[in-house]
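Undergrad: Okay, predicted coordinates and the sequence, questions at the end:
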Amino acid sequence: MTFRIKKGCGAHSEPAKEGEEARMYEAGDLIETEKDLCALFPGKFERVEVFPNKPEPTPEPEPEEQEEKEEDTPAKEERHPLGRDVTDSFPEAKEEDLKVFADGGAYSVVEPDEDNKPLNEKPLKKRSVSTFIKKYLGS
């Protein structure tokens, strides 16, 4: 039988079985046992039916709700090969009409006309982007 500890009823511990350690359960946890926990601990447990590998059905949304969700979801933007455009975080890049892309911790500076070809030979760290731009513009 399967039981769930009711919310607000505290924890429950099951004594150790041979070769196992004692287990501690919190409110909401499921416990599988042959003992009738509802009878042993009145008001603390509820018996539940569990069907393995069978997901709980999700209610179908009303047609109006579904249309609203589709409208609220922005169209997926195409991912740039160099990562996410973070130019707004680098004022010196914006001033000089350069673009900055980030892919994880790797940053690339590019000319807008050739935004697939980084100006930096190796990926930059975030803290190095401004310095790179200043050196690039100074040369």
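TA: It's in. All figures in this text were calculated on a predicted structure; none of them were measured in a lab.

Undergrad: Residue 6: how many residues sit nearby?
TA: Residue 6 is flanked by 14 other residues according to other C-beta atoms under 10 Å. Any C-beta I mention is one placed from the backbone N, CA and C, and that applies to glycine too.

Undergrad: and if you look at residue 46?
TA: Number of residues near residue 46 (other C-beta under 10 Å) recorded here: 13.

Undergrad: what's in contact with the helix or strand containing it?
TA: Of the helices and strands defined by DSSP states H and E, residue 46 is found in strand 45-48. Contacts of strand 45-48 from elsewhere in the structure, counted by C-beta atoms under 8 Å, 6 or more residues apart in numbering, are 1-6, 9, 12, 30-31, 37-38.

Undergrad: Take these and keep only those in strands.
TA: When DSSP state E defines the strands, the subset of the contacts of strand 45-48 inside them is 2-5, 12, 30-31.

Undergrad: which one in those is the model shakiest on?
TA: Comparing pLDDT over these, residue 12 scores lowest. The value there is 80.

Undergrad: pLDDT score assigned to the spatially closest residue to that residue that is not a sequence neighbour?
TA: For residue 12, ignoring the flanking residues on the chain, the nearest one in space by C-beta to C-beta, 6 or more residues apart in numbering is residue 25 at 4.7 Å. You'll see residue 25 listed with a pLDDT of 81.

Undergrad: sorry, back to before: of the contacts of strand 45-48 - the most surrounded one?
TA: Each of these was scored by neighbours using other C-beta under 10 Å; the highest score is residue 3's, at 23 neighbours.

Undergrad: Any idea which residue is closest to the centre of this protein?
TA: Here the mean C-alpha position of the chain is nearest to the C-alpha of residue 104 (C-alpha atoms, centre = their mean), at a distance of 15.5 Å.

Undergrad: which ones are touching that one?
TA: If a contact means C-beta under 8 Å, 6+ apart, then residue 104 has residue 83 as its contacts.

Undergrad: Residue 131 sits in which helix or strand?
TA: The secondary structure element spanning residue 131 is helix 126-138 (assigned by DSSP H and E).

Undergrad: helices or strands up against that helix?
TA: helix 91-95, strand 106-110 (3 or more C-beta pairs under 8 Å, 6 or more residues apart in numbering; DSSP states H and E).
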